[in-house]
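Student: Mind folding the following:
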Amino acid sequence: MTSTAAGWIGGIVVAAGLGGAASGGEPAPDAAPLTSVAEVLATPVADRDGTLPVQVRGRLTMIHPHADAAVIQDETGGLWINIAVTRGRDGSRRLVPGMEGTEVVVRGLLQRGGYSPSVQAQSIEVGGQEAVPPAIPADFERLYMGDDNGLRVTCEGVVQACLQNDEQMWGILACQSRRIPFFLLVGKGLPSPDALLDATVRITGVVGSVRNTRGEFLAPQLVCSRRDDVAVIEPPPSTPFEAPFVPLAELGRYRLEPLPAHRIVAEGTVTFAADRLLFVQDGRRGVRVRTAAEAAVSIGDRIRVAGFVEKGRRIAGIDGGLVDVIATGPPPEPLAITPDEVAEINNQAIDLHMMARPGDCDGCLISFPATVIETQQSAGGGDIVLSAGESTLAARLQGAGFEALAELLPGSRVQITGVLQIHLLDDDGTLHVTSTPTLRQMSVHLRDASDVVVLTRPSWWTPQRLGILLGGVLAVLAGALVWVGMLRREVASQSRMLAHEMRRRRDAALEFSASTRERNRLAANLHDTLLQTLRGIDFQLGACRAYRHSGVADSDDHLEVARRMVNHASEELRDSVWALRTMPLAGRSFGESLEAVARQAGHGHAEHISVRVEGARFELPQFVAGNLLLVTQEAIHNALRHADANDIEIVASFDPAVGEVTVRVSDDGCGFTPGRQPGPDQGHFGIAGMRERIERLGGSVTIASEPGGGTVVTARVRKRDYDARIDVDVDDVPAGAA
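Tutor: Okay, here's the model as predicted:
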């Protein structure tokens, strides 16, 4: 971008590409830019959304050295600008203090700002430097209505507060019966705060605002960026205590010639001292004093205070006080007056539109009896909430020492001594419609823990404690009833679960018993019929071979093959008969039965089968042991038939602590992926049958395997106390009853 302003010889252009990235929204399409400050300030709040373009020419009147902010002014008004775009990549600034008066053209987008509208600059054309636009006299009526924001104004007054650091100076200027904050954005090369405090000065600066986060105006302030923006017209008195003397009783009262905004001197006895807060009293008039620094005074000291009259509480006080101790002595005797009497005196004065007689008691040391409602301890001390007649108020102790008061029981009767502070209805900024502010509430400043004297302690049986006790009894009773109800439901639930489990285990036992009887019957029939028949055939074929008349070799070969086939069928049938017969339990332990199962299953096979029993053995019910043996037999059968294993290991583990027995059958065969093996839909019932047997007993079967990693089948069952009775009941069931 290049400068288009005529006569701008040597001007510079600061754009987003040179001075840093610009922020904000996108300009509204086809929107004509706002070209004067008046147009910008007149834009409705709803339109200040970062889309309206701005192109304003004006002169710089303020450049903030510590923030990306500046103010320009044209003939129509003043405008705040965000100048972050003028920062270089190295963080250096292109617009710095000292360039005030420079003519600029600001192009950017309209923003809401903190109070008045502002511009987010996207580029700034800098022209020649001239004189800063002349300041106009401040119109305080307009300033305190929120007008003239961004204008360069000047005003004269007395500095009533002033602080300074290396970066800036700030203070309070009393002007035309108003107090306005000012900020000088340079901290070096200025007169010291002591040289400005109580001096009459002329301050020139840009009007800013004290506002909240909702953009609502609260008060004006002056922002100055140059050292010569503050000019001393009349220096302060050489000694602060040379100021006019005003008795405490006349502070803020009517005078034919009102006091100027300069310091005054007052005198009184210290009744309270904490940090920079003092209360001084003279007779029945007490005054709050805010000191400029923490003063080395003690309660009872007679002091002179040089400071400024302050009425922010709607009750005159002294601010920025300097203290001179005149004498030391005891504090004044506290006034024996109750909060109800204080309220009556003040309310009578309000009704009569007269001054309170003999005084309002604000800032005075008083003493009265009260009842403790509660104590509230905090990091910096604490409060005692008190009831005194019809009044409720707080007694506050600052600093250490509140621990002794925090133990006060509600209902304790105490004697309170402290400095009374009255809070009027509008000392928090609330407007009032009467000429006299109404008393809103009272509080007491305690000097130390000895200001609270316990008169009587409450009975231990307070209504709160009785209520807590009754509530506790009712809670225990309700809890007991709930517990009984829950226990009954739990007992009923457990009973149902126990009955269900007993039925399942009895069904499993009956099924096992019935299948055992049927298998024995079938085994006997096979042995008595088919096996004997096959042996008869074998005998007949042997006889044919012995007595054949012919010696034909082919006939001998056929007969020999037939005899071998019959022998093979006989062996297979013997294996089938053994598998159908009852598992070998009678007269044997469970471990011996496992060995018998392994021995019989491995007969005629090359695989090595080992059996091991671990743990302290205990007797198993017949139907439980039988089902475990059947599952073991099926697992061995699967390993022999499908696994192509070399070793098969059977481990039975007994855990008498919980009455649990675990049988694990593992092999080193080819393995498989669990869940992908053939199931009942493909005519394979082995694994499903194992699970059904054990789950009917309340146990579980797990199968762990992977291709090439072998297979482990684990069956786990617990013994129940009622299993023995089930065993007896099943044995008593007649054959065929199941």
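Student: For S225, give its distance to Q120.
Tutor: 21 Å (Cβ to Cβ, to the nearest Å). For the C-beta atoms, the positions are set from N, CA and C on the backbone; glycine is no exception.
Student: Quick check on the two: which one has the bigger neighbour count.
Tutor: Neighbour count, other Cβ atoms under 10 Å: between S225 and Q120, S225 has more, with 25 against 21.
Student: hang on, I350 in a helix?
Tutor: Yes. Counting by DSSP: H, G, I helix; E, B strand; the rest coil, I350 is part of a helix.
Student: right, and it touches E344 too?
Tutor: No. Between I350 and E344 there is no contact under Cβ atoms under 8 Å: 10.8 Å.
Student: Outline the domain layout of this protein.
Tutor: With domains defined by automatic domain parsing, the chain comprises 12-129, 136-234, 337-458, 586-732.
Student: end-to-end on the second one?
Tutor: Read it as domain 136-234. Start and end residues of domain 136-234 are separated by 21 Å (Cα to Cα, to the nearest Å).
Student: what about that domain, average pLDDT?
Tutor: Across domain 136-234, pLDDT averages out at 90.
Student: got it, and the third one?
Tutor: In this model, domain 337-458 has an average pLDDT of 87.
Student: need the domains of the chain in JSON lines with distance to R314, can you?
Tutor: As requested, the domains of the chain are arranged in JSON lines below (distance: least, Cβ to Cβ, whole Å):
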{"stretch": "domain 12-129", "distance to R314": "27"}
{"stretch": "domain 136-234", "distance to R314": "15"}
{"stretch": "domain 337-458", "distance to R314": "5"}
{"stretch": "domain 586-732", "distance to R314": "81"}
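Student: Okay, helices next: where are they in the chain?
Tutor: Ranges of helices in the chain, per DSSP state H, are 16-19, 37-42, 140-143, 193-196, 339-352, 403-406, 463-526, 532-547, 553-580, 590-601, 622-638, 686-696, 723-732.
Student: Which residues belonging to the second one are considered buried?
Tutor: It refers to helix 37-42. Buried residues in helix 37-42, counted by 16 or more other Cβ atoms under 10 Å: 37, 39-41.
Student: cool, and stretch 447-463?
Tutor: 447-448, 451-452, 458.
Student: contact partners of that stretch?
Tutor: Residues outside stretch 447-463 that contact it (Cβ atoms under 8 Å, 6 or more residues apart in numbering) are 271-272, 299, 369, 384, 395, 397, 401-402, 404-405, 408-419, 446.
Student: Next one: A135 from C224, what distance?
Tutor: In terms of Cβ to Cβ, A135 sits 10 Å off from C224.
Student: Give the intersection of the neighbour lists for those two.
Tutor: With Cβ under 8 Å, 6+ apart as the test, A135 and C224 both reach T204.
Student: could you list every residue that touches the spatially closest residue to H66 that is not a sequence neighbour?
Tutor: Among residues not flanking H66 along the chain, E167 sits closest, at 6.2 Å (Cβ to Cβ, 6 or more residues apart in numbering). By Cβ under 8 Å, 6+ apart, the residues touching E167 are 65-66, 185-187.
Student: of all those residues, which comes closest to M354?
Tutor: Set against M354, the nearest of these by Cβ to Cβ is L185 (49.3 Å).
Student: and that closest one, backbone torsions?
Tutor: phi -80, psi 30 (degrees, to the nearest 10).
Student: now it: how far from M169?
Tutor: Relative to M169, and taking Cβ to Cβ, L185 is found at 9 Å.
Student: How about G591?
Tutor: 99 Å.
Student: Counting neighbours, go ahead and name the busier of those two.
Tutor: M169 (23 against 16).
Student: Run through the residues that contact the nearest residue to the more buried one once chain neighbours are set aside.
Tutor: The shortest distance from M169 to any non-neighbouring residue, by Cβ to Cβ, 6+ apart, is to L184 (4.3 Å). Residues near L184 by Cβ under 8 Å, 6+ apart: 168-170, 190, 205, 224-225, 227, 229-230.
Student: do L277 as well
Tutor: So L277 contacts 288-291 (Cβ under 8 Å, 6+ apart).
Student: would TSV of those with pLDDT, distance to N638 and neighbour count be doable?
Tutor: Shown next, in TSV, are the contacts of L277 (pLDDT from 0 to 100; distance: Cβ to Cβ, whole Å; neighbours: other Cβ atoms under 10 Å):
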residue	pLDDT	distance to N638	neighbour count
R288	95	97	22
V289	96	99	26
R290	94	95	18
T291	93	97	20
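Student: Would you mind checking which of the residues you listed is nearest to Q464?
Tutor: R288 (36.7 Å).
Student: what about E294, how many neighbours?
Tutor: Residues near E294, counting by other Cβ under 10 Å: 12.
Student: and it, what is it in contact with?
Tutor: Contacts of E294 (Cβ under 8 Å, 6+ apart): 275-276.
Student: Need the buried residues of stretch 447-463 in TSV (columns: distance to E156).
Tutor: Listed next are the buried residues of stretch 447-463 as TSV, based on distance: Cβ to Cβ, whole Å:
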residue	distance to E156
R447	42
D448	46
D451	47
V452	50
P458	62
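Student: which residues sit in contact with H445?
Tutor: Per Cβ under 8 Å, 6+ apart, neighbours of H445: 272, 274, 279, 396, 398, 418-419, 421.
Student: try 6 Å this time
Tutor: 272, 396, 418-419 (Cβ atoms under 6 Å, 6 or more residues apart in numbering).
Student: Can you tell me the closest non-neighbouring residue to it?
Tutor: Nearest one to H445, counting by Cβ to Cβ, 6+ apart, is V419 at 4.4 Å.
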